[in-house]
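1. Sequence isn't available, so here's the structure alone:
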């Protein structure tokens, strides 16, 4: 089975720009969750998508948005980038709607905002 | 507010020493608890989980954790660590699709 893949692995943006991060879920999984991990901290929940609909959201502003596609892959979009958005963005997939399902993580996309 | 806290930021042990990493949670209602591990250069992966039942749960590689409801704790233990256990360990809790991770504990095992 294929794991969770994320792209790009690294990217640099300037303040005010917009970014799109992509995630392919593990084969057989239909739920995708996104996390932001700042340096020295644990992952923080951004939102979760189940069957193309948002199924929970953490404490992130509306400029963080997402999509899930029919093949269960997903995108995270961040508008109006701020310096504090610099972080590792992790995608995790799972099967089923319940938040307690075990997550399979990707390697992450490291975003630097200058 | 729901939260998970890990008190040890960096733990250094010699091989064969016993390990206990602390995790406390603050959740209203039912909570499911996890320990995830990230080995150097690898993705986060599940170590063990607690949903209900026996409060002592066993995971991979000889790790175990005990859910103590009265103490709001879910500490991770291993009787004898190996150099290959060097990694970052994250405790996490989830309730109603809101999963919270602790800040992580970096474990360094000296050969």
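-> That came in fine, so what should we check first? Remember, predicted model here, so these are calculated numbers, not experimental data.

2. what's the burial count for the residue nearest to residue A:9 when sequence neighbours are not counted?
-> Spatial nearest neighbour of residue A:9, excluding adjacent residues (CB to CB, 6 or more residues apart in numbering or on different chains): residue A:109 at 6.3 Å. Yep, even glycine has a C-beta here, placed from its N, CA and C like the rest. By the measure other CB atoms under 10 Å in any protein chain shown, the count of residues near residue A:109 is 22.

3. so what's the residue nearest in space to the middle of chain A bridging to?
-> Residue closest to the average C-alpha location in chain A (CA atoms, centre = their mean): residue A:34, at 3.0 Å. Under DSSP bridges, the beta-bridge partners of residue A:34 are residue A:47, residue A:91.

4. what's the spacing between it and chain B?
-> 11 Å (CB to the nearest CB, to the nearest Å).

5. so where do the strands sit in chain A?
-> A:5-7, A:10-13, A:19-24, A:31-37, A:44-50, A:53-57, A:64-68, A:74-78, A:87-94, A:104-105, A:109-113 (DSSP state E).

6. I'd like the next helix or strand past the worst-scoring helix or strand of chain B on mean pLDDT.
-> For chain B, using mean pLDDT, DSSP states H and E, the weakest element among its helices and strands is strand B:98-101, scoring a mean of 87. Of the helices and strands lying after strand B:98-101 in sequence (DSSP states H and E), the nearest is strand B:105-110.

7. Note down every partner strand of that next one and its orientation.
-> Here strand B:105-110 is paired, per DSSP bridges, with strand B:10-14 (parallel), strand B:87-95 (antiparallel).

8. Now tell me what touches the first one from outside.
-> Going back to what we said before, that points to strand B:10-14. For strand B:10-14, the external contacting residues (CB atoms under 8 Å, 6 or more residues apart in numbering or on different chains) are B:19, B:21, B:81, B:105-110.

9. Can you add distance to residue B:10, pLDDT and neighbour count and give the residues you listed back as CSV?
-> Converted to CSV, the contacts of strand B:10-14 look like this (distance: CB to CB, whole Å; pLDDT from 0 to 100; neighbours: other CB atoms under 10 Å in any protein chain shown):
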residue, distance to residue B:10, pLDDT, neighbour count
B:19, 13, 97, 20
B:21, 11, 97, 23
B:81, 14, 98, 22
B:105, 7, 97, 22
B:106, 5, 97, 15
B:107, 8, 98, 21
B:108, 7, 98, 12
B:109, 12, 98, 19
B:110, 13, 96, 11
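
10. any chance of those residues in JSON lines, plus distance to residue A:24?
-> Shown next, in JSON lines, are the contacts of strand B:10-14 (distance: CB to CB, whole Å):
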{"residue": "B:19", "distance to residue A:24": "35"}
{"residue": "B:21", "distance to residue A:24": "32"}
{"residue": "B:81", "distance to residue A:24": "35"}
{"residue": "B:105", "distance to residue A:24": "30"}
{"residue": "B:106", "distance to residue A:24": "29"}
{"residue": "B:107", "distance to residue A:24": "31"}
{"residue": "B:108", "distance to residue A:24": "33"}
{"residue": "B:109", "distance to residue A:24": "34"}
{"residue": "B:110", "distance to residue A:24": "38"}
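
11. got the contact list for residue A:73?
-> A:22-25, A:32.

12. coming back round to it: out of the strands paired with strand B:105-110, name the one with the poorest average pLDDT.
-> Lowest mean pLDDT within those: strand B:87-95, at a mean of 94.
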